Structures are given as structure tokens and as C-alpha cells.
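In: turn this into a structure:
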Amino acid sequence: MHTSLTPEFWQHFAALLAVAIVVTVVLSAALDALVVRLRRHPARRAPHRMPRTPTHC
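Out: Numbers count the residues shown, from 1 in each chain. Here you go, the predicted model:
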């Protein structure tokens, strides 16, 4: 059983391929920007304090 690929198929294929490429590029750029931002501004942590222990006299 031999089926031929129609021009309509190739148009849809090209459109889906282009959309997939655009989505991939946009997502990778967004994730790259997020990583760069997180590396430039590390999370600020509150200074670790030792718990106060009551002093017994």
C-alpha cells in the first residue's frame, strides 16, 4: 500500500516544524535568562542564629 504525500501535508509539516523550532528557541532563551539571573543574585538567606539557651544560676 503506497501513499503519496500531498502538498497539503508538507505545508502542515513545515508549519508544525517552524512552531516547534520557535517554541524550543524561546524556552531555551527564557531558561537561560533565568539561570543567569539566579547566578547573579543568589538567594538572600537570613543569618543563622544559635537558639538562646536559658542560663541557670
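
In: where does pLDDT dip in this structure?
Out: Low-confidence segments of the chain (pLDDT under 70): 1, 42-48, 50, 57.

In: can you show me the helices along the protein?
Out: 7-40 (DSSP state H).

In: list the contacts for the most centrally placed residue in it?
Out: Centroid-nearest residue in the chain, with CA atoms, centre = their mean: residue 31, separated by 3.7 Å. If a contact means CB atoms under 8 Å, 6 or more residues apart in numbering, then residue 31 has no contacts. All C-beta atoms are positioned from the backbone trio N, CA, C, and that covers glycine.

In: how near is it to residue 24?
Out: 11 Å (CB to CB, to the nearest Å).

In: cool, and residue 9?
Out: Distance from residue 9 to residue 24, by CB to CB: 22 Å.

In: and what of residue 5?
Out: 24 Å.

In: and for residue 40?
Out: Distance from residue 40 to residue 24, by CB to CB: 25 Å.

In: show me which of the two is the more surrounded one.
Out: Counting neighbours by other CB atoms under 10 Å for residue 40 and for residue 24 shows that residue 24 has the greater number, 10 against 7.
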